[in-house]
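Participant: Sequence and predicted structure are below.
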Amino acid sequence: MIVTKSWLNEWIDLTNITTEDLCKTLNAIGLEVDSVTSYDIPKKIIFGRVIECEKHPDADKLNVCQVDIGSSVRQIVCGASNVRAGLDVVVATIGATMPSGLVIKPVKLRGVSSEGMICSASEIGLPDFSPGIMELDSSIGSFELGEELHSNFIFSDDVIEIELTANRGDCLSINGVARDLSAAYDRPLRKHKRDEDDDNRKGIGRLLHVNHEKDLDVNLNYRVLELKDLKLPLIMKLRLAQIGEERDTDIDALLLYTTHMSGVILRAYSYAFFCEENDVIAKVNLKEDENGFASIASETIASVVGVNQEDVSRVTYDEGTILLEASYIPPDIISKKMALTKLEAGPDYYRTSRGSEPDLCVGIADGLELIQAYSSSSIFTGSIGVGSVYDNTLISLTKQDVDETIGADISKVTIGKILKNLGFDMSRSSADNFVVGVPRYRHDIVNKQDIIEEIVRMVGIDNIPSKAFVFTEENKLQDDYFSYKKKSVFRHRAASCGFFESIHFVFDEKRVLEKFGFATIKEELELLNPIVQTLDTLRTTLMTGLLKAASLNVKSGYKQVKLFEIGSIFNADREESLKMAMLFSGDKEKESLRNTGKPQKIDFAMFSQKVSDIIGAFDLRETTTEHSLSHIYQAAEIVVNDEVIGELFRVHPEVEKEYDLDVTFICEIDFEKIPFALKTAKKSSKYQSSNRDLSIIIPQDMKFETIKSVIDKNASKELINFYPVDKYSDENLGDKVSLSLRFILQSDDKTLEEEDITSSMDTILNALDKELGIGLR
Amino acid sequence: MVTLLKEWYEKIKEAQSVESLEEIRISVFGKKGVLAIEFAKMKTAPNEEKAQIAKDLNTHKSGLMNEFTARKITLQTLELQEAMKAEAIDVSLYSTSSQAGGLHPVMETMDRIVEYFSSMNFAVKTGNMVEDDFNNFEALNLPKYHPARDMQDTFYFKDELLLRTHTSPVQIRTMMQTQPPIRMIAPGAVFRRDYDLTHTPMFHQVEGLLVDEAGKVSFANLKYILEDFLKYMFGDIQVRFRPSFFPFTEPSAEVDISCVFCQGKGCRVCSKTGWLEVLGCGIVDPNVFEAVKYKNVSGYAFGLGVERFAMLIHQIGDLRSLFEGDIKLLEQFQ
């Protein structure tokens, strides 16, 4: 909603209120000021009158004008086609600095001297609303020739754009904003004319019949007039340009101006549209159309109330009979109908769906007054109205209700005054009880809280003292807090292990997920209205997001990318679960003196080490992933306590190529399955531990997990740990390899003797020989 | 004899290395050293002179030993220094940038918000992203056809479920499962169908809810905690409340802080207003309590966008970069 200060001033006296104060007040009462545009007309730009206008002797398109500027008459050469004698104009005099930076100096134009410039709207910094020079008229109020425009507040106006909340349809007019300001400043609204029905119905009765089938919950009011010589005044053109609106015809522009001012929805119809052939009386039918909307019709539909108007019923002529209609439809009814059946909405729908002004007389009166002022139209007496009488909603509340909700002591006088200024009917209130009659334009107010909100707005939240809440202590560190905490712990760990946390949208591209063989959301559970094709489904993995991010980073020059994410993914049944994924791509470390500027590439050993530094120890088992992101021979499932909790692999070389990546490793883990229980300390042995290294010769393709399971099965209780320390092959070994294992043995009862160790080792070696046919080098 | 020994004093003093000093030691104190020779001579000396000679010799023995020890310490120190000098490195070559990773500024901001409210005895509650119309809209006083639904363009699924447009459904579910009093915050990702320079289809919110006996919770309480919270998050700033409209609260307000970029003087970021909008809040609408079948209660609620907080606190200009895993941005938060 755009208002101007001068326009508001026509509805409420804003004397001694600066624009800054006005904006502060609007913000304080919940009408958020979005922007302020101040039109500051430069000095030395004055009112003048063209008293003579002749063609320039040497230039077809130029005119030589004698312009009365009050103190003297100046000769000014003007190129505008609409300049003529008798016109009141804006003159930039010698020394004036135009908004463009141009300084006005005496000049000669093709030999004729010119002392000043006759200005167009845009030349003095106003919106460009009409071609040629600006033609002044009486609509801007009285002015003296020679007087500076600067002091005329129609020109030097402030345009304020207000961001209205969805409930405040009543403020979609100058009238409505002024009404709120009236309560805020405790100043009365200026009296505005109302178009009360007069007794004489003869005029309109002979020209118009309105039929309606049934009560359609709409209010309508009709007037008939003979339109003639309508000329939009300057003030209307200027203000319509300031609010960024225009219409094809002058009558529609005038009615829009009136609607913006009064809030009442107004339409002009061609009178003939409602007359049957050879008939002299117009017949307007209010009826329900096939979609259940209230429509205005003759043989065919002329308009749908609150939604749009058909072009065939519009007034396209400058002179002739027209039908003027004011309408109101409750916003909840119209928005509900539109949600069920979407019609193409006209420009009024924004107002009607949020609540236009129900007091139709205000709009009709303003509209007719403007038509009379700026045309020689004649208006037929009388009006015809349709609609039900509205009873005010009554809400009762006490001072205690107000004080408890606000948390401050608000006096009864203050409460009463605020509600009265907002136009609420307080006549039924008693000493102990406020009974508030809510006017129809405040359809948003239905309960006590709504009334209290009005009081809060006008009292000003800044005037409410802050008070600490007193409550009973309770342990709040439970379930969801602990999962939040767990996330936080692993995020910190990943960061200290060198990974950067990233967040991606939970959306992904279905085509990509399918291409890599990931599950996707079942068709019947899919997104109905995705925002773009690349985000057309919910992600079923974190890995595609990390790959994309890695690719972007490589493109911006990073040779090493380490990213992680903890986030939700979905399965085909659209069930949400939490995953943690890590990606390591490119160089093992940054180039430095340490690696003589040639760091090695990330490898399986280092990546799995990094991952276990973050999530704790795990076993890796060879696997084949269901998707095709992974390298076929470097893929593992991550096992903790005999449960698979995730997968870890090198990215398939083809995929690396597709994403422009160097060697890249990824893992994805079920976050819930990462062990996070409180630890229990085990009793540790007081006796020294012993190491024993064994090198065994194994076939090249034998997996360590096979050997490991044999050793696990045959380990004595003294064997507390074992792990591979070297893998070696040479010509002598042929197609075998040598695997060195370190065994650590320790007893709880004694320091182990040589024979104890040998016996443990022998048991293992025997088992390896028997079960796998492998043995010492 | 004395002259001979005196020469050795000089030799010790002039020794230039630990090795040459060691040679001198052997020449003086060794089995065949000068002292041993002199002591041996004593056997042939007249008896009455023996005592004096022994005394003189012993004086010189300890004198030479002192000289030797002192010289040895000096030489060892010098040699150690030489050895260390040979190991000198250019430490400035090793100025280093951290190899550590970093937390995402949005998540780190969320952590700080959660930390504040946890310390104020608010419970942390989370919920699913896929929600139904009742919990996301109806129960929050947003019936179908409510114009305020325009404010939150929603992602729908084919089976009429939707992606939550705020974390408020978590509050509804909590209220349905437990009885008042309630003090909770709901942090999490939310979704709106909006994608341009200043909007992303997913962002993060933290919403708070407090419910207690009727008449107990007031707007003044809400003002208190939010003013305190915003000062905790942003430091020394001004806080302003503007009445606003949310279907689920009444009275409602939007909360502004004085612009952190220009200290309220007016700049590009605050559109010359000197204020930045950071929060929405209000007294819980009775229709919401009715939807969850609570009677005789009062409460307040508030909600904020974590990305906006993070961008203001860390002066991050580009919203979209937050969702791209952009290391250029992230490494600044190491």
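Facilitator: Arrived safely, thanks for sending. Residues are numbered from 1 along each chain as shown, chains lettered A, B, ... in the order given.
Participant: Model confidence for residue 167, exactly?
Facilitator: With no chain named, the answer covers chain A. The predicted local distance difference test score for A:Asn167 is 85.
Participant: try again with chain B
Facilitator: The predicted structure lists B:Thr167 with a pLDDT of 95.
Participant: burial measure for it, as a count.
Facilitator: Neighbours of B:Thr167 under the rule other C-beta atoms under 10 Å in any protein chain shown: 25. C-betas here are computed from N, CA, C, even on glycine.
Participant: Bridging across strands, which residues link to the spatially closest residue to it that is not a sequence neighbour?
Facilitator: Spatial nearest neighbour of B:Thr167, chain neighbours left out: B:Ala186 (4.0 Å); criterion: C-beta to C-beta, 6 or more residues apart in numbering or on different chains. On DSSP bridges, the residues paired with B:Ala186 through beta bridges are B:Glu207.
Participant: Test my guess that B:Ala186 contacts B:Met175.
Facilitator: No: the pair B:Ala186 / B:Met175 is not scored as a contact, 11.4 Å apart, by C-beta atoms under 8 Å.
Participant: Give the residues shared as contacts by those two.
Facilitator: Counting by C-beta atoms under 8 Å, 6 or more residues apart in numbering or on different chains, the contacts common to B:Ala186 and B:Met175 are B:Leu209.
Participant: Neighbour count: the two, which is higher?
Facilitator: Per other C-beta under 10 Å, whichever of B:Ala186 and B:Met175 has more neighbours is B:Ala186, with 28 against 24.
Participant: got a list of what the more buried one touches?
Facilitator: B:124-127, B:167-168, B:170-171, B:174, B:205-209.
Participant: again, 7 Å this time
Facilitator: Taking C-beta atoms under 7 Å, 6 or more residues apart in numbering or on different chains, we find B:Ala186 in contact with B:Lys125, B:Thr126, B:Gly127, B:Thr167, B:Val170, B:Gln171, B:Glu207.
Participant: Could you do A:Ile162 as well?
Facilitator: Here A:Ile162 is in contact with A:Met1, A:Val3, A:Leu26, A:Leu31, A:Glu32, A:Val33, A:Asp34 (C-beta under 7 Å, 6+ apart).
Participant: May I have the one helix or strand it maps to as PDB, with CA atoms only?
Facilitator: Under the criterion of DSSP states H and E, A:Ile162 resides in strand A:158-163. The C-alpha atoms that make up strand A:158-163 are tabulated as PDB, following Å, rounded to 0.1, in the frame of the first residue of the first chain:
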ATOM      1  CA  ASP A 158       6.600  12.300   0.600                       C
ATOM      2  CA  VAL A 159       5.500   8.900  -0.800                       C
ATOM      3  CA  ILE A 160       5.500   6.200   1.800                       C
ATOM      4  CA  GLU A 161       5.200   2.500   0.900                       C
ATOM      5  CA  ILE A 162       3.700   0.400   3.700                       C
ATOM      6  CA  GLU A 163       4.100  -3.300   3.900                       C
END
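Participant: So for stretch B:321-334, what gets flagged as buried?
Facilitator: Applying a neighbour-count criterion of 16 or more other C-beta atoms under 10 Å in any protein chain shown, one finds B:Leu322, B:Phe323, B:Glu324, B:Gly325, B:Asp326, B:Ile327, B:Leu329, B:Leu330, B:Phe333 buried in stretch B:321-334.
Participant: now swap in stretch A:485-504 and tell me
Facilitator: A:486-488, A:490-491, A:493-495, A:497-504.
Participant: which one of those sits closest to A:Lys703?
Facilitator: Nearest to A:Lys703 among the buried residues of stretch A:485-504, counting by C-beta to C-beta, is A:Cys497 at 27.2 Å.
Participant: Could I get the phi/psi values of residue 65?
Facilitator: No chain in the question, so chain A it is. phi -110, psi 150 (degrees, to the nearest 10).
Participant: OK, contacts around it?
Facilitator: Contact analysis of A:Cys65 by C-beta under 7 Å, 6+ apart lists A:Val50, A:Glu52, A:Cys53, A:Ile76, A:Cys78, A:Val83, A:Ile118.
Participant: Just give the number of residues close to the last one.
Facilitator: Which is A:Ile118. If you count neighbours by other C-beta under 10 Å, A:Ile118 ends up with 25.
Participant: List the beta-bridge partners for it.
Facilitator: In beta-bridge terms (that is, DSSP bridges), A:Ile118 pairs with A:Val91.
Participant: mind listing the strands in the stretch 251-400 of chain A by residue range?
Facilitator: In the stretch 251-400 of chain A, the segments counted as strands under DSSP state E, counting those that start in this stretch are A:265-270, A:282-288, A:294-297, A:301-304, A:308-309, A:320-328, A:378-379, A:384-386, A:393-397.
Participant: Among the contacts of A:Cys65, name the buried ones.
Facilitator: Listed as buried from the contacts of A:Cys65 are A:Val50, A:Cys53, A:Ile76, A:Cys78, A:Val83, A:Ile118; burial here means 16+ other C-beta under 10 Å.
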